[in-house]
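Novice: next comes the sequence, and after it the predicted model I'd like to discuss.
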Amino acid sequence: MPPAPGRFRQFAAIDWSGAVGPRQRGIAVAICGAGDDAPTLVRPSHIWSRTEVRDWIADEMPAGTLVGLDLGPSLPFVDHGAFFPGWDESPTDARGLWALIDRICAGDEHLSASSFVDHPEASRHFRRHGGRKGDLFEDGPGRMRLTEEAQRRQGLNPYSNLNLVGAAQVGKSSLTGMRVLNRLRGAIPIWPFDADPGTGSLLVEIYTSLAALAAGRARGRTKMRTVEALNDALASPGIASKPHAGAGAIDDHKSDAILTAAWLRRVAHDPALWSPDGLDDVRQTEGWTFGVV
């Protein structure tokens, strides 16, 4: 069932980072209420840690918020009926995957995931730096989730979460994000693994390029590095938001979060986005990117 109009009172978007270190300049958090006011940055001059984001979602985020995290909450499963074919510890669902990664990485500081990346069994499925391609990493772009195949059909350019190499890779962000998701269990429902309870806050996976495309940005030119470019996107019919304050340069992580929060507000009650084709096949394993149909 899609949420009823007025179900959410706030809309937040979080641009994520899998980088090493205690604080991540690549993390940005934006939030807006109903209506058309431009989203504001949460702690705009703050450099976030992943633990602080977890705590903000669980303890400080306003009640009734639809919050999007820009990361893959799972790995491919459907193609081979397993996350890690041939490994006897391969979990049967996404929650088991989150717990496995968090357990193996228990000694990794700052919710990083280096121990999982280098695990003798898990690493067989990854493409890592230094030309290290696991013997079970498939040729080409790597294995894809069903939602990533749908993203391609929608004009996006997703990367496999098993690919950890290159500026556009999202694998490291996703693995660190899964540690955060494991630590949010019980604090907030995570769609589609959890059904929308109809009240309170709800967390979804987002892809910030979807918001940029909805704002009329060209494929391959989705990043906005000036406030003027951001405000052009906010003013577009697909977003319909008032402008962000200021002028000149802006970090593209911040502009991604601001635009995507406004986009979430615009599309949150579209029934088609809550019941895309293929969702029932992946509710408990691969998950789904909100906004992909």
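Specialist: Sure, I can see it.
Novice: where do the helices sit along this structure?
Specialist: 50-55, 94-104, 114-117, 146-153, 171-184, 208-214, 227-235, 252-267 (DSSP state H).
Novice: turn the ones you listed into JSON lines, including mean pLDDT, distance to residue 1 and mean neighbour count.
Specialist: No exception for glycine: its C-beta is placed from N, CA and C like everyone else's. JSON lines is the format used below for the helices of the chain (pLDDT from 0 to 100; distance: least, Cβ to Cβ, whole Å; neighbours: other Cβ atoms under 10 Å):
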{"stretch": "helix 50-55", "mean pLDDT": "98", "distance to residue 1": "28", "mean neighbour count": "19"}
{"stretch": "helix 94-104", "mean pLDDT": "98", "distance to residue 1": "21", "mean neighbour count": "20"}
{"stretch": "helix 114-117", "mean pLDDT": "96", "distance to residue 1": "35", "mean neighbour count": "18"}
{"stretch": "helix 146-153", "mean pLDDT": "95", "distance to residue 1": "20", "mean neighbour count": "19"}
{"stretch": "helix 171-184", "mean pLDDT": "96", "distance to residue 1": "23", "mean neighbour count": "24"}
{"stretch": "helix 208-214", "mean pLDDT": "95", "distance to residue 1": "22", "mean neighbour count": "23"}
{"stretch": "helix 227-235", "mean pLDDT": "97", "distance to residue 1": "30", "mean neighbour count": "20"}
{"stretch": "helix 252-267", "mean pLDDT": "97", "distance to residue 1": "16", "mean neighbour count": "26"}
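Novice: between the ones you listed, which gets nearest to residue 66?
Specialist: Nearest of the helices of the chain to residue 66, taken as Cβ to Cβ: helix 252-267 at 5.8 Å.
Novice: tell me what that closest one is packed against?
Specialist: Judged by 3 or more Cβ pairs under 8 Å, 6 or more residues apart in numbering; DSSP states H and E, helix 252-267 is in contact with strand 10-15, strand 28-33, strand 40-41, strand 65-70, helix 208-214, helix 227-235.
Novice: buried stuff in stretch 234-247?
Specialist: Neighbour-count burial for stretch 234-247 flags 234, 236, 238-239, 241, 244 (criterion: 16 or more other Cβ atoms under 10 Å).
Novice: mind putting the helices and strands packed on helix 252-267 in TSV, distance to residue 55 included?
Specialist: Below are the helices and strands packed on helix 252-267 laid out as TSV (distance: least, Cβ to Cβ, whole Å):
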stretch	distance to residue 55
strand 10-15	13
strand 28-33	12
strand 40-41	17
strand 65-70	13
helix 208-214	23
helix 227-235	28
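Novice: can you give me the buried ones in stretch 1-15?
Specialist: Neighbour counts over stretch 1-15 (16+ other Cβ under 10 Å) mark 3, 7-8, 10-15 as buried.
Novice: coming back round to it: nearest to residue 267 among the buried residues of stretch 234-247?
Specialist: Taking these together and measuring to residue 267 by Cβ to Cβ, the closest member is residue 238, at 8.8 Å.
Novice: I'd assumed residue 265 was in contact with that closest one.
Specialist: No: using Cβ atoms under 8 Å, residue 238 is not in contact with residue 265, being 11.8 Å away.
Novice: how near is the closest residue to residue 146 other than its chain neighbours to residue 81?
Specialist: Excluding its sequence neighbours, the residue lying closest to residue 146 (Cβ to Cβ, 6 or more residues apart in numbering) is residue 278, at 4.9 Å. Distance of residue 278 to residue 81, computed by Cβ to Cβ, to the nearest Å: 16 Å.
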